[in-house]
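Participant: Sequence and computational prediction follow.
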Amino acid sequence: WLTPDGFIQLFVLIGRNGQGVGSSSFAAWVENVEKVQISPEEKAELMEKIDEYYHLMDGVVGHFLDNEGSALYPFQSWVNHSCVPNTEVKFPTRNHDVGLVAKRDIAKGEEITITYLDLGDMERSRYSRNKYLN
């Protein structure tokens, strides 16, 4: 890795298989806020405000909001993409430990899949993700 060609190979390896290490306290807060039982009108107003906050933060840090670095996770890098994945990448202890968490029951022999969307985009509120994708 210490030669120019070695560095390029390492850069390609990380670019293809690297996983952003995420531990955003703001995303954790949004996740908890989404569970609060309030009226649909209040929820829509709150989600609009959260979207504004994400927009302001994106102007400063972009997609690095939830990304404290990159790492290569050999097992996780073998998992293929699906637009409707059956697992999701999580950082359960809000540090560098990565895990795959089932989103639904997975049948024996079924391929385990994840989405390749940026972790920061995945942890936004549903409202914010829908607005971003439309």
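Facilitator: Nice, thanks for sending it over.
Participant: Every contact and neighbour count from this point should use C-alpha atoms.
Facilitator: Noted.
Participant: Chain neighbours aside, what residue packs nearest to residue 91?
Facilitator: residue 98 (4.9 Å; CA to CA, 6 or more residues apart in numbering).
Participant: I'd say the one you found and residue 77 touch.
Facilitator: No. Look at residue 98 against residue 77 with CA atoms under 8 Å: they stay out of range, at 11.3 Å.
Participant: So which of these two has more stuff around it?
Facilitator: residue 98 (18 against 12; other CA atoms under 10 Å).
Participant: What distance do you get for the more buried one to residue 44?
Facilitator: 32 Å (CA to CA, to the nearest Å).
Participant: just residue 108 next, same as before
Facilitator: Using CA to CA, residue 108 is found at 39 Å from residue 44.
Participant: Neighbour count for those two, which is higher?
Facilitator: Taking neighbours as other CA under 10 Å, residue 108 and residue 44 compare with residue 44 leading, 13 against 6.
Participant: Over to that one. Which of the three states is it?
Facilitator: helix (DSSP: H, G, I helix; E, B strand; the rest coil).
Participant: again with the one 3 residues further on
Facilitator: Using three-state DSSP, the three-state assignment for residue 47 comes out as helix.
Participant: Give me the neighbour count for it.
Facilitator: For residue 47, the neighbour count with other CA under 10 Å is 20.
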